[in-house]
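Asks: A predicted structure for the sequence below; I have some questions about it.
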Amino acid sequence: MRAWKRRREREKLDHRLSEDEITLRELAARVAREKIAPVAAELDEREEFPRRILEEIGRAGLMGLTVPERYGGMGLGHLATCLVIEELSRACAGVGVTYAASILGYGPILLFGTEEHKGTYLPSMCTGEGLGAFALTEPQAGSDAAAIRCTAVPRDGGYVISGTKQWITNGGEASLYTIIALTAPQRGPRGASALIVPAGTPGLSYGRKEKKLGIRCSATRELVFDECFVPAANLLGREGQGFIIAMRNLNLGRPGVAAQALGIAQAALDHSVRYSLEREQFGQPIGRFQAVGHMLADMATHIEAARSLVYAVARAIDSGDQDFEREAAMAKTFASDTAMAAATDAVQIFGGYGYMRDYPVEKLFRDAKITQIYEGTNQVQRNIIAASLLKEAARR
Amino acid sequence: MRIVVLVKQVPDAPEPRLAGGRPALDGVPWVTNPFDLHGLEEALRIKEQLGDIVETMALTAGGARAAETLREALAVGIDRVLRIDAPELQGLETGLVTVARVLAAAIRRLGGADLLFCGQKSLDQQSGMLPPALAEAIGACFIPDAAKITVDPSLGRVAVERLLPTGRAQLRACLPAVITLAKTINEPRLASLRGLMKAKRAEIPCVTPDELGVPLPGASGPGDGYALLGFRSPPSRPAAMKLEGTPAEQARALVHQLRQGRLL
Ligand SMILES: Cc1cc2nc3c(=O)[nH]c(=O)nc-3n(C[C@H](O)[C@H](O)[C@H](O)COP(=O)(O)OP(=O)(O)OC[C@H]3O[C@@H](n4cnc5c(N)ncnc54)[C@H](O)[C@@H]3O)c2cc1C
């Protein structure tokens, strides 16, 4: 009866969000609360892809936020995207990554696509019918992305793609893949190019859905290319630009992973605060024990700090800042470390109950871990931050 | 063909306190009566089915704040809205017959309606009496608890399935008809981002009862024999008791309590 009821939370820091941004966040929160939260545990348990939820998100007009209006999008920016990913991830990080990975999939088209690419592929990304995926990683090329071996040999007015991509989010579910493959293997990483491969292209098949620790409703699969032909028109940018495109795309995606981590961390805090008031031991709510209260305090402090950083980076990108790689890496690292710490403490606060599947923090704990790993591990992010600091100092 | 959906903004206070003999609503959020959302959804679905021959409208009576409820209607895709600027029609100050008369005048002002959708009841008053009063005021037929509605615009009539405790009844009604919708009839959609943005900037037209030619009872208008005398809280319930021990001990204690209360 009261499922429709809106719980207006007071946000102490409003991060100077505009009225429109608050409207957007509230809509995403409503979708999360009404459509995602009730089924999140079940989807996780059954490892079921959230197809219906994506349709709901699409109907709410939240797909394709950064796509220009003339291609059916909302023409909004990265802050808007972060607000949505954060709210979705608060209810289920698996849904959050599915949503974010789609953006990563069509991102290269937004950045480097021709008018024709955009007109052909972007509209369906905005309705919830289409879904994107981005494929860079291979079995022997993880952090060392330059070690990719997948080839796309020019032939007959197009490219013949051979090789495998590993652990591709939305693999097998997406309608559109952008992949990085070697069009000139002899040139090494400089011979890499970005190509559009629509689902259903002959020669593209999928491995089984991976069994994962967390974000279990999201689909992670291998893409297998066996003499898969795409026309030359499917090349994004120029031949040899593959890694430039991949890195631009991943840099822009980093605040998104950070927002996913923020959502997980906030959910951990929300559950922990409520439980600390409800659970009584030694005749008082456990939140009264300073040891528990301090865990809550640290969680909340780190979350606010992470949020400030993530939103600041997203705003910088939206205002046209080109030099944000270091800060984007900081946001991803800090927010994901915050999520892992918050989820760990949440399990601690719940005690034995926190270790049980019946309570929500167990899932948060499993979901948090991936945010420290994918889209560049936190070690690699720290490498980026350090390299950027040293480079800047050397230039002075 | 015009469908008018009646929507009401209600205080979301499951257990309101009384202050000075009136419900204390300070700080209580106001929301669109959840029962009314089914009317909006049904109107939208009929329009999606029949196309542009259908015009959907939402009508509310209430103070300035009630414009938010109409914005929600615009956001999900309702074509036009109208607010009757009269907060006294929202509470219990005014008799339902008068409220129905004012709404009927507004509907005439809008150019009439073929179908009028209402929620089964409102969260705050829960009388469910307004829809039949409205049907009477505009001379429309009245059907409660519709679980399915099929419109035949060419024939000017509507087929309705009504939920009964023992099954379903099939009904047919001429237009205009006032229909209250069962909660099971549909699942109300969420507004889209585009809809919300558009609705936020929309002008919400409004008229007063005087402008509609139906002055309210009291100051300027005639009495309607209805007066609100006051509110009382329900008697507070005795504190609950928790029985401890093994299941067998709890059962024994429960039987003991029931015997003591002469309930067994
Ligand atoms: C669930 C999931 C979804 C994914 N989705 C996608 C996707 O959609 N598209 C895609 O292309 N990829 C995807 N990936 C791949 C992901 O981005 C990689 O897993 C990640 O980049 C790390 O690569 P790796 O797993 O091979 O680890 P490795 O590179 O083998 O690293 C192993 C360890 O060594 C450390 N290490 C490696 N190099 C260095 C270094 N130079 N300095 C310090 N430490 C180092 C790492 O930090 C890590 O701790 C996904 C992975 C997972 C698990």
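Replies: Now that the structure is in, tell me what you want to look at.
Asks: which helix or strand in chain B has the lowest average pLDDT?
Replies: strand B:22-23 (a mean of 82; mean pLDDT, DSSP states H and E).
Asks: so what touches it?
Replies: B:Pro11, B:Ala13, B:Pro16, B:Arg17, B:Phe231 (CB atoms under 8 Å, 6 or more residues apart in numbering or on different chains). Where you see a C-beta, it was placed from the backbone N, CA and C, and this is true even at glycine.
Asks: just the ones of those residues in strands?
Replies: The strands, defined by DSSP state E, take in B:Pro11 from these.
Asks: export the contacts of strand B:22-23 to a markdown table and tack on neighbour count?
Replies: Supplementary listing: these in a markdown table, determined by neighbours: other CB atoms under 10 Å in any protein chain shown:
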| residue | neighbour count |
| --- | --- |
| B:Pro11 | 16 |
| B:Ala13 | 16 |
| B:Pro16 | 16 |
| B:Arg17 | 11 |
| B:Phe231 | 11 |
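Asks: closest to the ligand among the contacts of strand B:22-23?
Replies: Nearest to the ligand among those, counting by CB to the nearest ligand atom, is B:Ala13 at 45.3 Å.
Asks: so who does the residue in the stretch 101-250 of chain B that the ligand sits nearest to touch?
Replies: Closest approach between the stretch 101-250 of chain B and the ligand, counting by CB to the nearest ligand atom: B:Leu193, at 25.5 Å. Contacts for B:Leu193 (CB under 8 Å, 6+ apart) come out as A:Thr23, A:Leu24, A:Leu27, A:Ala60, A:Gly61, A:Leu62, A:Met74.
Asks: could you list the contact residues of chain A toward the ligand?
Replies: Taking CB under 6 Å from any ligand atom, the part of chain A that reaches the ligand is made up of A:101, A:134-137, A:142-143, A:167-169, A:212, A:220, A:370, A:373-377, A:379-380, A:383.
Asks: out of the residues you listed, which are inside strands?
Replies: Per DSSP E, the residues of chain A next to the ligand map to strands at A:Phe134, A:Ala135, A:Trp167, A:Ile168, A:Thr169, A:Thr220.
Asks: and the fifth one, bridged to which residues?
Replies: It stands for A:Thr169. A:Thr220 (DSSP bridges).
Asks: okay, now the sheet partners of the strand ranked longest in chain B, with direction.
Replies: Ranked by number of residues, the top strand in chain B under DSSP E is strand B:141-152. Each strand that pairs with strand B:141-152, with its direction, by DSSP bridges: strand B:157-164 (antiparallel), strand B:177-181 (parallel).
Asks: next SSE after the last one?
Replies: On the C-terminal side of strand B:177-181, the closest following helix or strand by DSSP states H and E is helix B:193-201.
Asks: what sits against the residue lying farthest from the centre of chain A?
Replies: No residue in chain A sits farther from the centre than A:Gly283, which is 42.9 Å out by CA atoms, centre = their mean. Counting by CB under 8 Å, 6+ apart, A:Gly283 makes contact with nothing.
Asks: A:Lys363 now?
Replies: A:Ala40, A:Ala41, A:Asp44, A:Gly214, A:Arg357.
Asks: which of the residues of chain A next to the ligand are buried?
Replies: A:101, A:134-137, A:142, A:167-169, A:212, A:220, A:370, A:374-377, A:380 (16 or more other CB atoms under 10 Å in any protein chain shown).
Asks: from the contacts of B:Leu193, list the ones also adjacent to chain B.
Replies: Among the contacts of B:Leu193, the ones lying near chain B by CB under 8 Å from any CB of the partner chain are A:Thr23, A:Leu24, A:Leu27, A:Ala60, A:Gly61, A:Leu62, A:Met74.
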